[in-house]
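Participant: here are the coordinates; sequence isn't available:
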DNA sequence: CATCGCTAGGTTGTCTGACAACAGGAGGCA
DNA sequence: TGCCTCCTGTTGTCAGACAACCTAGCGATG
């Protein structure tokens, strides 16, 4: 193990568990959660740690905390569809919706970066990149098309094209390029840029253009994913 | 002033200031912020308060905190376009982009809720609602069309249709229905549902369907806003 | 010279205990 | 009935301490 940081933090563990319980519907909307002292006792941690975890859950809009009253579950606990706050692989999202994910690669190649990709990844134009293109399915039905670009130097020297499979995050993790955040631009689009002709060019797509960064702010991947309108629900909780 | 809660919290004040400084570019991407002790001294608060503020800034993806190293600004500090994490009025977003916002109302009326609206707002079908429809402009150019629906009972008894103006949030605030969070669904759409014929029906739009809630989880408004693709940039920072 | 291991110092993570600020309910009172 | 005060439970903030962690520098080792 490479001693991944961030995953072992106590407050993170508590926050993840609280998030899971909230999404499982353990507290219905507007229902009050146990007090901070009680949660601290339950998890066997200090109140300070519980508070750190609660602030994380608050920030995602799953709860609202009121001074002198307590912490309350919000209606957002119902919104278990694709939560844009959370950075997870598309496959993981599909699994969470109790559907069977799949993907078939159309392209896996090392080539020179386009100007667009070089700009997004902060590379010199023409630098070598790994380019993958694939269809993403849920229960065998195509829900999205995706193009992914990873700088060659992010991957290990002895990297083998034939071993590419699974999700983008899985590939990055395997090479020690753990993606912790992403800058995402959202567009409406038709399908005429996808590029291999099976898709309906006039159909409507929600296009997510994402640059992924690791903990040190290095751009480790650029992806463009076209989600077929209506087959994928994007939800987002916004907090004032 | 009505003694609004949540705004006076010390940690919130510190977080807001840190966010402002980050977006002003006081720290360039990957640059380290002052340590927690130093920030505490600077703001004249305890380290616990600074940590609460930093967790809020972290959650928005503006910073990354690493155990034993410090807190670092991220590239997201450059992304000052429409930040979907932040719940602010469209007008406020346009102002932040140094453009002149405007709006012209097409419809202001009390009518019965449609089934769709009643479901979103948790009303009985046919309950009275305030319905507004308007165009939103930046420097005189139309950037979006918006439909907003507010339950009649949310507004004061002596409410006067003629006084409606300004933003959705302004109207809600004036009636004590302070919207603190929103559940947002993102779609790609054409313009054929907008309804008054000036818009291009075949153009591409990013459609945001939002249900707004107050601190007590009461649905106070339902809005559907069609943003003309290309005239409005939606950015979002996602955190693992 | 290159490499390894150790140490020192600075940083964030967690703990403990305490008090302040706030909201709501119970009860007394006019 | 209506108003006021007190009480209780909750979250917000404070202070100080120690643990866990990372980096840089240094010396020993080959």
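Facilitator: Sure thing, it's come through. Being a predicted model, the structure only gives us computed values, none of them experimental.
Participant: and after the worst-scoring helix or strand of chain A on mean pLDDT, which helix or strand comes next?
Facilitator: Across the helices and strands of chain A, mean confidence by mean pLDDT, DSSP states H and E is lowest for strand A:82-83: a mean of 58. For strand A:82-83, the succeeding helix or strand toward the C-terminus, using DSSP states H and E, is helix A:90-96.
Participant: can you give me the strands for chain A?
Facilitator: A:63-66, A:70-73, A:82-83, A:101-112, A:128-138, A:141-151, A:179-189, A:205-214, A:219-228, A:234-239 (DSSP state E).
Participant: possible to save those as a markdown table with mean neighbour count and distance to DNA strand C?
Facilitator: Just so you know, the C-beta spots here come from the backbone N, C-alpha and C atoms, and that holds for glycine as well. Formatted as a markdown table, those follow (neighbours: other C-beta atoms under 10 Å in any protein chain shown; distance: least, C-beta to the nearest atom of the strand, whole Å):
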| stretch | mean neighbour count | distance to DNA strand C |
| --- | --- | --- |
| strand A:63-66 | 19 | 6 |
| strand A:70-73 | 19 | 10 |
| strand A:82-83 | 21 | 23 |
| strand A:101-112 | 14 | 29 |
| strand A:128-138 | 20 | 27 |
| strand A:141-151 | 21 | 26 |
| strand A:179-189 | 22 | 13 |
| strand A:205-214 | 23 | 16 |
| strand A:219-228 | 23 | 21 |
| strand A:234-239 | 21 | 19 |
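Participant: least confident of those strands, on average?
Facilitator: Mean pLDDT is lowest for strand A:82-83 among these, at a mean of 58.
Participant: hang on, the earlier thing: nearest to DNA strand D, out of the strands of chain A?
Facilitator: strand A:70-73 (3.7 Å; C-beta to the nearest atom of the strand).
Participant: quote the end-to-end distance of stretch A:120-140.
Facilitator: 32 Å (C-alpha to C-alpha, to the nearest Å).
Participant: got the phi and psi for the residue in chain A positioned nearest to DNA strand C?
Facilitator: Closest to DNA strand C within chain A is residue A:68: 2.6 Å, counting by C-beta to the nearest atom of the strand. Note on residue A:68: backbone dihedrals following degrees, to the nearest 10 are phi 80, psi -10.
Participant: okay, now it: neighbour count?
Facilitator: Residue A:68 has 5 neighbours, counted by other C-beta atoms under 10 Å in any protein chain shown.
Participant: what residues does it make contact with?
Facilitator: Listed by C-beta atoms under 8 Å, 6 or more residues apart in numbering or on different chains, residue A:68 has no contact partners.
Participant: what does chain A have sitting close to DNA strand D?
Facilitator: Within chain A, the positions near DNA strand D by C-beta under 7 Å from any atom of the strand are A:3, A:5, A:8, A:33, A:35-38, A:47-48, A:51, A:65-71.
Participant: buried among these? Need that as a selection in ChimeraX.
Facilitator: A single ChimeraX command selects the buried members of the residues of chain A next to DNA strand D (16 or more other C-beta atoms under 10 Å in any protein chain shown):
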select /A:33,36,51,65,71
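Participant: just the ones of the residues of chain A next to DNA strand D in helices?
Facilitator: Applying DSSP state H to the residues of chain A next to DNA strand D, the entries found in helices are A:36, A:37, A:38, A:47, A:48, A:51.
Participant: reformat these as TSV; add pLDDT.
Facilitator: Listed next are these as TSV, based on pLDDT from 0 to 100:
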residue	pLDDT
A:36	95
A:37	95
A:38	95
A:47	95
A:48	95
A:51	95
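Participant: need the residues you listed in CSV with distance to residue A:129, can you?
Facilitator: CSV is the format used below for those (distance: C-beta to C-beta, whole Å):
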residue, distance to residue A:129
A:36, 48
A:37, 52
A:38, 51
A:47, 48
A:48, 44
A:51, 43
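Participant: contacts for stretch A:145-152?
Facilitator: Counting by C-beta under 8 Å, 6+ apart, residues outside stretch A:145-152 touching it are A:90, A:110, A:113, A:117, A:120-121, A:123, A:127-136, A:168, A:171-172, A:177, A:191, A:194-195, A:199, A:219-226.
Participant: follow-up on the earlier one: how much space separates the residue of chain A closest to DNA strand C from residue A:98?
Facilitator: According to C-beta to C-beta, to the nearest Å, residue A:68 stands 40 Å off from residue A:98.
Participant: same deal with residue A:160?
Facilitator: Applying C-beta to C-beta to residue A:160 and residue A:98 gives a distance of 34 Å.
Participant: residue farthest from the centroid of chain A?
Facilitator: residue A:68 (34.8 Å; C-alpha atoms, centre = their mean).
Participant: can you redo the strands of chain A as TSV with distance to residue B:19?
Facilitator: Shown next, in TSV, are the strands of chain A (distance: least, C-beta to C-beta, whole Å):
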stretch	distance to residue B:19
strand A:63-66	19
strand A:70-73	23
strand A:82-83	22
strand A:101-112	36
strand A:128-138	34
strand A:141-151	30
strand A:179-189	16
strand A:205-214	19
strand A:219-228	23
strand A:234-239	13
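Participant: so which two of the ones in helices among the residues of chain A next to DNA strand D are the farthest from each other?
Facilitator: Using C-beta to C-beta, those span at most 14.9 Å, a distance reached by A:38 and A:48.
Participant: what number of residues lie near residue A:96?
Facilitator: Residue A:96: 16 neighbours (other C-beta under 10 Å).
Participant: pLDDT at it, what is it?
Facilitator: 71.
Participant: with residue A:203 instead?
Facilitator: For residue A:203, the pLDDT comes out at 83.
Participant: could you check how far the closest residue to it other than its chain neighbours is from residue A:229?
Facilitator: Distances taken as C-beta to C-beta, 6 or more residues apart in numbering or on different chains place residue A:191 nearest to residue A:203, at 5.4 Å, with adjacent residues excluded. Counting by C-beta to C-beta, the separation of residue A:191 from residue A:229 is 10 Å.
Participant: now do residue A:9
Facilitator: Distance, residue A:9 to residue A:229, using C-beta to C-beta: 38 Å.
Participant: and what of residue A:221?
Facilitator: Using C-beta to C-beta, residue A:221 is found at 25 Å from residue A:229.
Participant: cool, and residue A:116?
Facilitator: Separation of residue A:116 from residue A:229 (C-beta to C-beta) stands at 24 Å.
Participant: of the two, who's got more company?
Facilitator: Set residue A:116 next to residue A:229 and count neighbours by other C-beta under 10 Å: residue A:229 wins out with 17 against 13.
Participant: so who does the nearest residue to the more buried one once chain neighbours are set aside touch?
Facilitator: Distance criterion C-beta to C-beta, 6+ apart; nearest residue to residue A:229, sequence neighbours excluded, is residue A:204 at 3.9 Å. Contact analysis of residue A:204 by C-beta under 8 Å, 6+ apart lists A:188, A:189, A:190, A:228, A:229, A:230, B:188, B:189, B:190, B:204.
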